[in-house]
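Novice: Could you work out the structure for the sequence below:
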Amino acid sequence: MQRRSRLRLLGAAVVIATATTGLATIAGQASAAPVVQTAEAAHFAVLGQPGHGLSKVEKAVRDSGGTVVKSWPQIGVVIASSTNANFAATVRGKHGVQGAGATRALAELAVPTPTARIAADSSRTLENTEATIAAGAKQVPADEGDPLSPNQWGLKAIKADKAHAISLGSPNVVVGVLDSGVEATHPDLAANIDAGRSVGCTNQGVPDTTPAAWAPTTSDHGTHVAGIIAAAKNGVGVVGVAPNVKLASVKVVDDGGFIYPEYAICGFVWAAEHGIKVTNNSYFVDPYYLWCRNDPDQKAVATAVTRAIEYSADRGVVNVAALGNSNWDLSHDIVDSGSPNNGTPVTRETGPECVELPGEVRGVVGVSSTGVQNLKSYFSNYGRTETEVAAPGGDAKQIPGTPDANGRILSTVVGGGWGYKQGTSMASPHATGVVALIRSTHQNWSADRVIAELQHDADRLPCPEGGVYDPDGTGTWKATCEGGRSGRGFYGSGLIDALDAVR
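Specialist: The predicted structure follows:
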């Protein structure tokens, strides 16, 4: 039986040069009123009719012993809380309710409450720091862009260096970085941060525009992703794929490393309604790697997230997502032994009834990862029907002829510095940057046309001879590519091409 995709979050880091530390302190932003919530209450998504008032659903929530946290009438979703573990089953029987489910697998009602993501597979090793270079490393001016550009082999792989002679992107294009927050004071990012469109979504999915709400606190992941997309061409550090476009920090990762459904819903609706035309999503929605529609709770929550994604797409947003770092063939059934990842995982066999969010939602651009040799990164997930395009995400086993000889991806990190990471989390923002260049060149194009152009411009990469890829000869990372000369199984339509995007 064939199935569709699932995803993993983050990549491994190597810190390079750090400067001054500190979080963003941009004044003048309005703040949403905080929602008071006891630690004992669990969170739920309750479905009504999209585009209609939700008064009946809100009443059903209250009548069932719940509290309304946030209503999204645009998509027919109410985020609710309750101390009753049977709340979802109770509210499902109320008039006007189309479905309901716990967004966090009821882990909040357990003791103790989990405080950090449980890693269940080999992708965990990709999230660790591989090595460090002393802070204050000297930056030598370079002929090809900014001082650290000679180590940015990924830009050359997608011809972004040549594309920059034609276009650096337009400041009228705003990219939403749905992630762990972006350091607004970073010298390579400060000029491109759009504080007015930035927001924090980790307060139970209630938008908060205060700078502290969308600044990074426990992770540099969002800052690294942001630099790949749009680090300024300013004589400092690195250069992004689209160095003139603007960046909105849309924080959807909490301090425990979780991206719960209500956070993602907030992020996609915010993007749709605040002039953000491209989003990068280098994560999967917790606590399930796969949300299964044969479970009433998971089905309702998956529907709520899908509605938010589709709402953004209908309003012209192109959503780009990483495919994950487990070396999985996403076109075939996989045993999920890591869900829920905020409590006690239960091993389950998954088929097409189970979907990864957001990467498996129709219309989302799924991105696999390549190394400097334009071969699949050893860790990258792939799939004949899941991969739209491939992009450089790094591969420590493929060594480039750069000054640092580091096969990972160099970008900005918290503290005003730069560092190396690898992962499909790094591939996705390369594709997002190319989408931003297309958006800059053709600002009136629809989201569908932009996606079609991205795929049309991509350069085909064939499957390995015989279809089998064993990068280190040990069989540990062995993978089979379906698609022959088309390379569809590993690379989708092919490796993204920034030069064609701006022609």
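Novice: For the rest of this, base every contact and every neighbour count on C-alpha atoms.
Specialist: Fine.
Novice: Listing request: residues of the stretch 51-200 of the chain with sub-threshold pLDDT.
Specialist: 111-144 (pLDDT under 70).
Novice: if I read this right, residue 70 contacts residue 80, doesn't it?
Specialist: Yes. Counting by C-alpha atoms under 8 Å, residue 80 is a contact partner of residue 70 at 7.0 Å.
Novice: quick one, which of these two is more surrounded?
Specialist: residue 80 (28 against 20; other C-alpha atoms under 10 Å).
Novice: quick one: contacts for the closest residue to the more buried one other than its chain neighbours?
Specialist: The shortest distance from residue 80 to any non-neighbouring residue, by C-alpha to C-alpha, 6 or more residues apart in numbering, is to residue 68 (4.6 Å). Going by C-alpha atoms under 8 Å, 6 or more residues apart in numbering, residue 68 touches 58, 61, 62, 78, 79, 80, 81.
Novice: List the neighbouring strands of the helix or strand containing residue 68 plus their orientation.
Specialist: For residue 68, the element it lies in under DSSP states H and E is strand 67-72. Its sheet considered, strand 67-72 pairs with strand 77-82 (antiparallel) by DSSP bridges.
Novice: ok, residues contacting the strand it pairs with?
Specialist: Contact with strand 77-82 is made by 41-48, 50, 54, 57-58, 61, 65-72, 205, 262, 304, as judged by C-alpha under 8 Å, 6+ apart.
Novice: Show the buried residues in the residues you listed.
Specialist: Neighbour-count burial (16 or more other C-alpha atoms under 10 Å) applied to the contacts of strand 77-82 gives 41-48, 54, 57-58, 61, 66-72, 205, 262, 304.
Novice: nearest to residue 232, of the contacts of residue 68?
Specialist: residue 79 (37.9 Å; C-alpha to C-alpha).
Novice: in a strand, that's where residue 302 is, yeah?
Specialist: No. Residue 302 is assigned helix when assessed by DSSP: H, G, I helix; E, B strand; the rest coil, not a strand.
Novice: how much space is there between it and residue 71?
Specialist: Remark: distance between residue 302 and residue 71 (C-alpha to C-alpha, to the nearest Å) = 17 Å.
Novice: just residue 416 next, same as before
Specialist: 37 Å.
Novice: and if you look at residue 316?
Specialist: 22 Å.
Novice: try residue 489
Specialist: Distance, residue 489 to residue 71, by C-alpha to C-alpha: 40 Å.
Novice: One more: residue 205?
Specialist: Distance from residue 205 to residue 71, by C-alpha to C-alpha: 10 Å.
Novice: Same question for residue 42.
Specialist: In terms of C-alpha to C-alpha, residue 42 sits 16 Å off from residue 71.
Novice: can you check residue 418 too?
Specialist: Where residue 71 is concerned, residue 418 sits at a distance of 39 Å (C-alpha to C-alpha).
Novice: again with residue 108
Specialist: Residue 108 is 21 Å from residue 71, by C-alpha to C-alpha.
Novice: quick one: low-confidence parts of the protein?
Specialist: Ranges of the chain meeting pLDDT under 70: 1-39, 111-144.
Novice: now do 80
Specialist: Across the chain, the ranges flagged by pLDDT under 80 are 1-40, 110-145.
Novice: okay, now the domains of it?
Specialist: 12-30+118-502, 42-109 (automatic domain parsing).
Novice: right, so those: which one is the most enclosed?
Specialist: Highest mean neighbour count among the domains of the chain (mean count of other C-alpha atoms under 10 Å): domain 12-30+118-502, with a mean of 23.
Novice: Now do the same contact list for residue 176.
Specialist: Counting by C-alpha under 8 Å, 6+ apart, the residues that residue 176 touches are 247, 248, 249, 250, 271, 276, 277, 278, 279, 280.
Novice: Which helix or strand contains residue 380?
Specialist: With DSSP H and E as criterion, residue 380 is part of no helix or strand.
Novice: cool, residue 390 as well?
Specialist: Going by DSSP H and E, residue 390 is part of strand 389-392.
Novice: for that strand, packing partners?
Specialist: Counting contacts by 3 or more C-alpha pairs under 8 Å, 6 or more residues apart in numbering; DSSP states H and E, strand 389-392 is packed against strand 365-370, helix 424-441, helix 488-491.
Novice: Show me how far it is from its chain's centre.
Specialist: 14 Å (C-alpha atoms, centre = their mean, to the nearest Å).
Novice: Then stretch 277-294?
Specialist: That offset, for stretch 277-294, works out to 8 Å (C-alpha atoms, centre = their mean).
Novice: Dump it to PDB, keeping only the CA atoms.
Specialist: These are the backbone C-alpha positions of stretch 277-294, laid out as PDB (Å, rounded to 0.1, in the frame of the first residue of the first chain):
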ATOM      1  CA  LYS A 277       2.800  35.900   0.300                       C
ATOM      2  CA  VAL A 278       5.300  33.100   1.100                       C
ATOM      3  CA  THR A 279       5.800  31.000   4.200                       C
ATOM      4  CA  ASN A 280       8.500  28.600   5.200                       C
ATOM      5  CA  ASN A 281       7.600  25.700   7.400                       C
ATOM      6  CA  SER A 282      10.600  23.700   8.500                       C
ATOM      7  CA  TYR A 283       8.700  21.600  11.100                       C
ATOM      8  CA  PHE A 284       5.900  19.000  11.600                       C
ATOM      9  CA  VAL A 285       2.900  19.700  13.800                       C
ATOM     10  CA  ASP A 286       3.100  18.000  17.200                       C
ATOM     11  CA  PRO A 287       2.500  15.800  19.000                       C
ATOM     12  CA  TYR A 288       1.800  13.200  16.200                       C
ATOM     13  CA  TYR A 289       4.300  12.700  13.300                       C
ATOM     14  CA  LEU A 290       1.200  11.500  11.500                       C
ATOM     15  CA  TRP A 291      -2.400  12.600  12.200                       C
ATOM     16  CA  CYS A 292      -4.700   9.700  11.500                       C
ATOM     17  CA  ARG A 293      -8.200  10.400  10.200                       C
ATOM     18  CA  ASN A 294      -9.600   7.100  11.500                       C
END
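Novice: hang on, the earlier thing: with distance to residue 449 added, can I get the helices and strands packed on strand 389-392 in JSON lines?
Specialist: Formatted as JSON lines, those follow (distance: least, C-alpha to C-alpha, whole Å):
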{"stretch": "strand 365-370", "distance to residue 449": "13"}
{"stretch": "helix 424-441", "distance to residue 449": "10"}
{"stretch": "helix 488-491", "distance to residue 449": "20"}
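Novice: Of all the ones you listed, which one comes closest to residue 356?
Specialist: strand 365-370 (11.1 Å).
Novice: Quick one: residues in contact with the closest one.
Specialist: Strand 365-370 has contacts (C-alpha under 8 Å, 6+ apart) with 318-324, 359-360, 376-377, 380-382, 386-395, 423-424, 426-428, 431, 451, 490-491.
Novice: now do stretch 97-108
Specialist: 39-49, 56-57, 60, 85, 88-89, 91-92, 113-114, 260-262, 286-287, 296-301, 340, 342-343.
Novice: try stretch 346-361
Specialist: Under C-alpha under 8 Å, 6+ apart, the answer for stretch 346-361 is 1-7, 281, 284-285, 289-294, 302, 305-306, 309, 320-323, 332-340, 364-366, 386.
Novice: Please tell me how far it is from the chain's geometric centre.
Specialist: From the chain centre to the centre of stretch 346-361 is a distance of 17 Å (C-alpha atoms, centre = their mean).
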